[in-house]
Structure formats: structure tokens, C-alpha cells
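K.L.:
this one's structure only:
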């Protein structure tokens, strides 16, 4: 954890506490709705789609509000955490489809508001070469909460008379603690992790100054750019965020995440299918998410480091290959004792290889001034796709049966993964020196308002250079000129590609 910024660790603590609260509810919700309230698979698919996909409708709004400056990333995220916390006690009075759906929609609205600003804080608090590790560390802490939540729900269901009501009450109390930790310990301004200082070199002896010569025309054109302090960029807009999709690499990442999301069956359906295959009793159902959470916890940081070395897109696709194996195991006739362990291990590996890795890959193609909004664009497409998958899977289960529905999902996932493998976005590759820019002629991408090209000027929707955002666009392997480095006050020596 030495290379992980304090901001990332603080956010990880908030996510750990919040996930204890959320997973207490998530662990009992499928059984509460299907066995307790008697919902059909189609009705459950609708509520599950709302629970997992409704946040897509507000993620762009959350990202846009956070990008408008003034340290709003923390406070927009705090608003989202607060809304989700307030929804927990409302489950005590909701006992039919409509009110439960409204409560879950409000809860997911809070999640939608907080996700992009939180991930933007993580991205802005980490260096490009350690970004996968930072997201992996955060997801590992987040998953530790997901591991403890079902255990707490299981213990409460065994100890309390009104088990479900007790779970919802304790969940609210834990969520309130998470909001308090965010307010007290997460800084409004992200800070990079400390790096070992380089030994200072002895000063070079001064030489007699040569007679001054008139500057060349080219130098005269570059001199104001090198000395001028960049003006503040105009406020980010949703249009500018959507215009980021003109960037080839970010567009390919967004398309790949959307297509694969269309074939990603939700966790609750996986656990219900596993319960049917093994005949797991209701009292033990809440422990099934523990296997996924434990595998996620163990694999999140190692796979984040692996993504930094071999390429994030490769690891992202490998995670979906693990999900395809989960589908295959659930479709086989094998009923051995190792089946649940294999399914849950692969399921946790899927999340460890995709959740934080996708955000680390998308961060490379988004300028700092639009970091929350840009990540929200990718998250929105993926969440909407998973929402559609939950609805379609629930309907297919109702009409055709669970086995036929899962077979269709497996076939769709195989096709989408094969196509996504051909996208190969460059920004999601391993962080190595000498990477080339997306545009061979060195011109700026233009969508996010960054100056990527040989001239070092920004021609985009925001009209501001990356230097105005306070960071080089070096993770994308771009060759920025000295004017950018001077305006930023920093030089990304790790890339070795800055051009004088």
C-alpha cells in the first residue's frame, strides 16, 4: 500500500463501511422478494434491474456536478452516500412491488451520484503507472465490506425474531457511520502519493553570458505559451463530456463495456441459480455472496497490478472469460461438492478483473477537468446495458425457464467478448515508454478540449489545454511540448516521451 495515496485509503475505508451496509441488504433481498413476497422471476428481474441499473440515469449528472470545480467531488459523493443511507429504513415500511421499487430507485440514485466522483478522486490521486494498483486497493477494501455484510446479515437473521426488519435497521446505522467517515477524513482536494526524492545534483558553474540575439519567428510564437499562465477552462458541460466519445480509444472502451454489459447476468440471478442447482436452504442463502466477495478481495490488488503490466483491456476481457465459465458450470449436469466453490471463485475473479480495471483504463483517455464526467459516460453505458440484461433475463426465465435463459446469456456473452477483443483500445494497453499517439499527424483529439498534438494547442469542446487541468496527457503516450510542462509545473519523466 506504500504507493497508494491517503485519499484512496480514506475512500476505501468509506466504501468498506458502506458496503457492509449495502451487502447486508443485497444478501437477503432476493430471498425476501421471491420467498417472502412471492415475486415471479419477471417481477424480481424488474426490481433487480432497477437496483443495479437505475443509477445509470443519474451518473452523468453526478459526474457533471463534480467536475464544476470547487472541490465538489467529495461533496457530490457525500450526497450520494447520504441518499443511499436514508433509503435503508424505508424498506421497513415497503411491502409491495411499487414502494419497494421506489425505495430501490432512490437508493440507486445515491449510488449513481457518488460513483463517478469517487472514482475521479481515486484517479486524480494516483499516478498513471500506479492507477491500476490504486483502483485495485480501493476495490479490495470495498470488497472487504462486501465480505462482512452477508456475515452480519446471516447472524442477524439467526438472532433476531423479525430478521429482515433488523437487517434493514442495522444497515442504516452502519451507512450513517460511512457518511461520517467521508466528511471527516476524505480531503476535498486529491493528493498524489509521495515518491522517493531524487538526489540533488551540484550546481553547474555559471558561464559568461553570450550576446543576446533576436529570437527566431518560431521561438517568438512559442514564448508566450511557455510563460503565460493558462486561463481557467470554462465550466464543464454534459455536451463536452459526451464529446469525449469522439476519442477513438475512449469510444472503444465505452462500446466494449456496453456490449459486455448486455450479457452480464446480475449477481442475484447467479445465486438463485446456484441455490436451485444445489438445493441450498433459505437460512444459508445469505452466505453465497461471501464466496464472490472473498475471491474479489484476494484477487483485486494482484489483478490491478497485472493490468498495469500487461494491459488493462487484456485483463478486462479475461474477467469476462471467467464469467463465461461461470455460466458454463451452471449449465452442466455436474453436482459435485466443488461446484459452488468453483462458481463463486470465478465470479469473484470476474469482478476483480473488470470493476476497477475498467475505470483505470478509461481514466487514461479523459482530461482531469472532465474526469468525473468522462468516467460517468462509460459507467452509464455499462449500467444501462446491465439493466436491460436483468429485464431480459427475468423475462426469458419466466417464459423459457432458467436453463434456456442462461444458455442465451452465455451465447450472447461469447459473441460480445469476441467482438470486444478486436477493439483493442491503445490507452488500455500496458504502460510502456514509446507509445504512439492516436493521431499520426500529431493533431489534438479535440473532443475533451486537450492539446495533444505537435503544436500543443487545444481545439476541443472546452477549449483548454491539458495543462490547464493540472496534469499532462502522458498516460496516453502523447508527445507534449515544453509549453505544457511549464504550465503544469511538472514533467512526467516516467513516460520518457516529453519533447523539448
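P.N.:
That came through, no problem. Everything quoted here is computed from the prediction, not taken from an experiment.
K.L.:
which residues in the stretch 351-500 of the chain form helices?
P.N.:
Listed in chain order, the helices of the stretch 351-500 of the chain (DSSP state H, counting those that start in this stretch) span 371-400, 402-420, 466-469, 482-488.
K.L.:
Give the rounded mean pLDDT of the shortest one.
P.N.:
I take that to be helix 466-469. Averaging pLDDT along helix 466-469 gives 36.
K.L.:
now the second one
P.N.:
Here the mean pLDDT over helix 402-420 is 96, rounded to a whole number.
K.L.:
try stretch 78-97
P.N.:
Stretch 78-97 comes out at a mean pLDDT of 90.
K.L.:
and it, which residues are buried?
P.N.:
Residues of stretch 78-97 classed as buried: 78-91, 94 (neighbour count, 16 or more other C-beta atoms under 10 Å). Where C-beta positions appear, they are placed from N, C-alpha and C, glycine not excepted.
K.L.:
quick one: which of the residues you listed is nearest residue 250?
P.N.:
Using C-beta to C-beta, residue 80 comes nearest to residue 250 of the buried residues of stretch 78-97, at 23.6 Å.
K.L.:
Give me the phi and psi for the closest one.
P.N.:
phi -60, psi -40 (degrees, to the nearest 10).
K.L.:
right, and it touches residue 110 too?
P.N.:
Yes: the pair residue 80 and residue 110 qualifies as a contact (C-beta atoms under 8 Å) at a distance of 4.4 Å.
K.L.:
So for stretch 46-63, first residue to last residue, what's the gap.
P.N.:
26 Å (C-alpha to C-alpha, to the nearest Å).
K.L.:
which residues does the spatially closest residue to residue 319 that is not a sequence neighbour contact?
P.N.:
Spatial nearest neighbour of residue 319, chain neighbours left out: residue 353 (2.9 Å); criterion: C-beta to C-beta, 6 or more residues apart in numbering. Residues in contact with residue 353 (C-beta atoms under 8 Å, 6 or more residues apart in numbering) are 299, 303, 307, 315-316, 318-319, 322.
K.L.:
try it again with 6 Å
P.N.:
303, 315, 318-319 (C-beta atoms under 6 Å, 6 or more residues apart in numbering).
K.L.:
so how far is residue 130 from it?
P.N.:
As judged by C-beta to C-beta, to the nearest Å, residue 353 and residue 130 stand 18 Å apart.
K.L.:
in the stretch 51-200 of the chain, which segments are predicted with low confidence?
P.N.:
Within the stretch 51-200 of the chain, the ranges that satisfy pLDDT under 70 run 51-54, 69-71, 191-200.
K.L.:
where does residue 280 land on pLDDT?
P.N.:
Per-residue confidence (pLDDT) for residue 280: 79.
K.L.:
For it, give me phi and psi.
P.N.:
With angles defined as degrees, to the nearest 10, residue 280 sits at phi -70, psi 130.
K.L.:
Count the neighbours of it for me.
P.N.:
Burial measure for residue 280: 16 neighbouring residues, criterion other C-beta atoms under 10 Å.
K.L.:
which residues of the stretch 201-350 of the chain fall in helices?
P.N.:
Ranges of helices in the stretch 201-350 of the chain, per DSSP H, counting those that start in this stretch, are 217-227, 238-243, 248-261, 267-278, 282-285, 288-310, 312-331, 339-363.
K.L.:
among these, which is nearest residue 27?
P.N.:
Among these, the nearest to residue 27 by C-beta to C-beta is helix 288-310 (5.3 Å).
K.L.:
now the angle between helix 267-278 and the closest one, please.
P.N.:
Here helix 288-310 runs at an angle of 120 degrees relative to helix 267-278 (axes from the mean of the first three to the mean of the last three C-alpha atoms, to 10 degrees).
K.L.:
Sticking with residue 121, tell me its helix or strand.
P.N.:
Here residue 121 sits within helix 97-124, counting by DSSP states H and E.
K.L.:
State the next helix or strand along the chain beyond that helix.
P.N.:
helix 131-159.
K.L.:
quick one: pLDDT of the residue nearest to residue 151 when sequence neighbours are not counted?
P.N.:
In space, and not counting its chain neighbours, residue 151 is closest to residue 290: 6.7 Å by C-beta to C-beta, 6+ apart. Looking at residue 290, its pLDDT is 87.
K.L.:
how deep is residue 290 tucked in, by neighbour count?
P.N.:
Residue 290 has 20 neighbouring residues, counting by other C-beta under 10 Å.
K.L.:
cool, residue 424 as well?
P.N.:
Around residue 424 there are 15 other residues, counting by other C-beta under 10 Å.
K.L.:
The helix or strand encompassing residue 42 - contacts with which helices or strands?
P.N.:
For residue 42, the element it lies in under DSSP H and E is helix 41-53. Applying 3 or more C-beta pairs under 6 Å, 6 or more residues apart in numbering; DSSP states H and E, we find helix 41-53 packed against helix 97-124, helix 371-400.
K.L.:
How far does the helix or strand following it sit from its chain's centre?
P.N.:
For helix 41-53, the following helix or strand on the C-terminal side (DSSP H and E) is helix 56-66. Mean-position distance between helix 56-66 and its chain equals 13 Å (C-alpha atoms, centre = their mean, to the nearest Å).
K.L.:
got the angle between helix 56-66 and helix 371-400?
P.N.:
Counting by the same axes, to 10 degrees, helix 56-66 points 170 degrees away from the direction of helix 371-400.
K.L.:
From the centroid of this structure, which residue is nearest?
P.N.:
The centroid of the chain falls nearest to residue 359 when counting by C-alpha atoms, centre = their mean (4.2 Å).
K.L.:
What ranges in the stretch 301-450 of the chain fall below the confidence cut-off?
P.N.:
Using pLDDT under 70, the flagged stretches of the stretch 301-450 of the chain are 427-450.
K.L.:
Once you drop chain neighbours, what's closest to residue 295?
P.N.:
Distance criterion C-beta to C-beta, 6+ apart; nearest residue to residue 295, sequence neighbours excluded, is residue 348 at 2.4 Å.
K.L.:
and what of residue 25?
P.N.:
Nearest residue to residue 25, sequence neighbours excluded (C-beta to C-beta, 6+ apart): residue 171, at 5.3 Å.
K.L.:
separation between the spatially closest residue to residue 421 that is not a sequence neighbour and residue 83?
P.N.:
Once flanking residues are discounted, residue 421 sits nearest to residue 317: 5.7 Å by C-beta to C-beta, 6+ apart. The gap separating residue 317 from residue 83 is 34 Å, by C-beta to C-beta.
K.L.:
try residue 59
P.N.:
Going from residue 59 to residue 83 by C-beta to C-beta gives 14 Å.
K.L.:
for residue 371, same thing?
P.N.:
Distance, residue 371 to residue 83, by C-beta to C-beta: 22 Å.
K.L.:
Residue 379 too?
P.N.:
Residue 379 sits 17 Å away from residue 83 when distances are taken as C-beta to C-beta.
K.L.:
Which one of the buried residues of stretch 78-97 is nearest to residue 420?
P.N.:
residue 80 (29.2 Å).
K.L.:
ok, for the closest one, nearest residue in space, not its chain neighbours?
P.N.:
residue 114 (2.8 Å).
K.L.:
and the one you found, how many residues sit next to it?
P.N.:
29.
K.L.:
wait, isn't the residue nearest to the centre of the chain in contact with residue 119?
P.N.:
Yes: between residue 359 and residue 119 a contact is recorded at 4.9 Å, counting by C-beta atoms under 6 Å.
K.L.:
what touches both of these two?
P.N.:
Shared contacts of residue 359 and residue 119, counting by C-beta under 6 Å, 6+ apart, come down to residue 375.
K.L.:
any idea how far residue 341 is from residue 138?
P.N.:
For residue 341, the distance to residue 138 - C-beta to C-beta - is 26 Å.
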